[in-house]
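# Mind looking at a prediction? Sequence and model below.
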Amino acid sequence: RVEKRQLELLPFVGVRFFSFGNTSLLALNAVMCKISFVATFLLIIGNLSRTGRAQYTNGCPASPIAQCTLIQWDFSTSTAGVVRPTGNVFNASDVAFALVTEQHLLPSEATPPIRISGFFHTPNQSDSPGIISIRFRPARSKGGKFTVVFMSYDGQVQLETCQIAVDTTTEDCKFISVGENLQNFKTSGDASWFGIGMNLGWVSHATTISTSFQPYMQNLTEHGGNWIRVWLTDSWDILFVETALGNYSLTNTANIDELLGVAEHLGMKVMLCIESFNLFCSKSNAPCSWDSCVYNKKNGGMLDSADQFFTHPQAQEYFKMRLEYLVARYAHSPSVFAWEFFNEVDITDGFSPQEQQQWVSIMAPFVAAIDPYKHMISTSFCCHDVPEVFKLPDISYTMTHTYGSHTHSDMAANNRYWSMLMSREYAKPTFIAEFGTGAHQQAQQAEADPTGIALHNGIWSSVMSGGASGANTWWWDSWVQPYGLYRLFDAPAKYTAAIAWHAYAWQYVGAAAHAPGDCDDVPPGGPYTCAQQKSWGKCNQSFMQGFCCKTCWDCAESCTGPTDIGYVTVTPWVRLAAAIGVPLSALEGETHKVKVLLWLNNKNNTWLSQNATLPKDQRVPLNPTTGLALRFATLIPTLPLGQYRVEFMNTYTGETTPATSVLDCRSLVSCVLHDIPAFTTDIAVTLSQQ
């Protein structure tokens, strides 16, 4: 078991007050507030990214501060012009904002000022009447100087001006964006970034971040993980935001601050899932909670039915308001990986791809315009590939949720299928944001796979198949944590960290189909058999996708897909996944020559074939592989010619072993890889062109 250590987060550095004058006392009533008060200007300079302490004078930090230092200006809500007298303190249009202009070295590089909205909160979750804060974190800078002008809510009054000098030699913030190859991610410092992590949607019965989310995050990062996906969508969770229409929980929004602070300290990225289907569906066969949704007319909202959410103008404005609050409060953090609009939006009532395209076409450009740090944007679907949405220019990357929807029994085949399919269909990075061997009965599935064969194969197959991140398991609390499976992240984290992913154009090699009529016949969960589902006419239902393929569809590929798509058969039980990385012309050089990634996998090492609930004599034997030789003229005839340095990795321990000699592939006929270490389950190989 990994020892769980309490983190000591670095504190904000300093505070200074500046008085502007006096008016009367603040009167704040729920969402609406009427303002008048003691005007105070408060500056806080914080540093959660370990870039050193900053000094300040006269309300502005002294010259120069390190890049990525968080600067926060706090205004008393009693200051004239800070809040609209009849406005909503949670609405960015009703509170003060800042205009930030970077002073470039060359006049030709001049850019318009960037607007940074203020946001309402109560510091340290206190009982104070609250303040309006503006956060700014200078990222990679060309000129090294910024002018910050604080404006009244209506933009008519200039409240204060601040000059900031930045030491541009210090470390960049490492915000994440799409790489030049349009297949992978990179940091704002032009380094490759590859995600290894899992979902951490919520923690049941949580009361504080330090006792709920933080232990999971620490365990994950101690084993190389750098990424989680969290939900801001469940009304019973401590990260739930919109507790009443247009009114946000001050306690829960502070919890998100703390979560991102922990992530920043750990060097972890967080995808914030803003909304989920649950609140906008009323189906009896899904975990729907429309009755408790704040947009529901009976709860004070404006919607008669859940299916109106995406088209109702007032609902759209309230969602925009929430987006602007989230951006104002959290966009400064480099731990924010991206904004995910919806979890599995296709389960919402009356889902329409065309309607969703129109809604995303409104929301995505809106967020892109107001986010000063240009975080990525995406959304997710349960059961459909929706090109109408994924092809939109403001959608940065695509995601897949798959619970055995290609093949239930073999996550190596399932995840390679989906990773390659989505990578080829869209010229964007893609990854599997949720996966599992099934969407139901996880307790029984965990008992069948206590060592995490499905997790191991799911991660490694996606790494080798076009994923910009390792596949992310959904079962963090019922599988990874109780069975101590964090160790399975170590090796893929080490492997992916050593590759400059975004410097290559990747080609994924191989395809083979399963034999006709040979497929899994697995029901989707619950007590009913495939024969019963068919007799009740359920084969065409969305929850049956990828299940009961033999009974319902006689193993047609429309249900199963070709089971081993993307794999090359090496022996009767060993299959090969291969990726060839050709350097981008703009990044060619000694450090970026052809890279070839190989994953040799024993196809009998699946969770179902090694089902731990069965006696050992009923499990499929795992034949050890020794003395294997790879003949590339047959297996990968597209391999670029040259000489290659070879390195083998144990996919469980992360231990690497170099080959005894250089692989000579100046002629494919003589290009044969010997000296492959013996393995039983799988092994990873990297070929680096000399």
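Right, received. Where do you want to start?

# show me the contacts for I116.
Counting by CB atoms under 8 Å, 6 or more residues apart in numbering, I116 makes contact with F97, A98, L99, V100, I134, R135, F136, A328, P372. C-beta here means a position set from N, CA and C on the backbone, and glycine is covered the same way.

# Among those, name the ones in helices.
Among the contacts of I116, DSSP state H puts A328 in helices.

# Select from the contacts of I116 the one having the most neighbours.
Counting neighbours by other CB atoms under 10 Å, the top entry in the contacts of I116 is A328, with 26 neighbours.

# Identify the residues contacting that one.
A92, I116, S117, G118, F119, I134, R135.

# Apply 6 Å and report the result again.
A92, S117, F119 (CB atoms under 6 Å, 6 or more residues apart in numbering).

# Tell me the one of those nearest S667?
Nearest to S667 among the contacts of A328, counting by CB to CB, is S117 at 62.2 Å.

# partners of the closest one in the sheet?
S117 has the following beta-bridge partners by DSSP bridges: F97.

# Also N199?
R229.

# neighbours around it, how many?
N199, neighbours per other CB under 10 Å, totals 24.

# doesn't I228 make contact with it?
No. If you go by CB atoms under 6 Å, N199 and I228 don't touch, sitting 7.1 Å apart.

# which one of the contacts of I116 is nearest F150?
A98 (5.2 Å).

# Report the contact partners of that closest one.
I116, I134, V148, F150.

# Distance check, it against A684.
48 Å (CB to CB, to the nearest Å).

# Spatially, what comes nearest to S609 if we skip its sequence neighbours?
V620 (3.9 Å; CB to CB, 6 or more residues apart in numbering).

# same thing with R645?
According to CB to CB, 6+ apart, the nearest residue to R645 is S688 (4.6 Å).

# my guess is the one you found is in a helix, correct?
No. S688 is assigned strand when assessed by DSSP: H, G, I helix; E, B strand; the rest coil, not a helix.

# Now that it has come up, it's in contact with E647, right?
No. Contact criterion CB under 6 Å: S688 and E647 do not qualify, at 7.5 Å.

# packing partners for whichever strand or helix holds A505?
Element membership of A505, judged by DSSP states H and E, is strand 504-509. Packing partners of strand 504-509 (3 or more CB pairs under 6 Å, 6 or more residues apart in numbering; DSSP states H and E): strand 574-583.

# Within the sheet, what are the partner strands of the strand it packs on, with directions?
strand 504-509 (antiparallel), strand 568-569 (antiparallel), strand 595-602 (antiparallel).

# out of these, nearest to M217?
strand 595-602 (28.0 Å).

# I would like the residues contacting the helix or strand just after the closest one, please.
Next helix or strand after strand 595-602 toward the C-terminus (DSSP H and E): strand 630-631. With contacts defined as CB under 6 Å, 6+ apart, strand 630-631 is touched by V672, L673.

# on that earlier part again, same list (the contacts of I116) but as CSV, adding pLDDT.
Shown next, in CSV, are the contacts of I116 (pLDDT from 0 to 100):
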residue, pLDDT
F97, 98
A98, 97
L99, 97
V100, 96
I134, 96
R135, 95
F136, 94
A328, 98
P372, 95
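
# CA atoms only: put the next helix or strand after the strand holding A505 into CSV for me.
Later in the chain than strand 504-509, the nearest helix or strand by DSSP H and E is helix 530-535. The C-alpha coordinates for helix 530-535 follow below in CSV (Å, rounded to 0.1, in the frame of the first residue of the first chain):
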residue,chain,number,x,y,z
CYS,A,530,-29.0,-12.5,-24.5
ALA,A,531,-31.8,-14.9,-25.6
GLN,A,532,-34.2,-13.0,-23.4
GLN,A,533,-33.1,-9.6,-24.7
LYS,A,534,-33.6,-10.8,-28.3
SER,A,535,-37.0,-12.2,-27.5
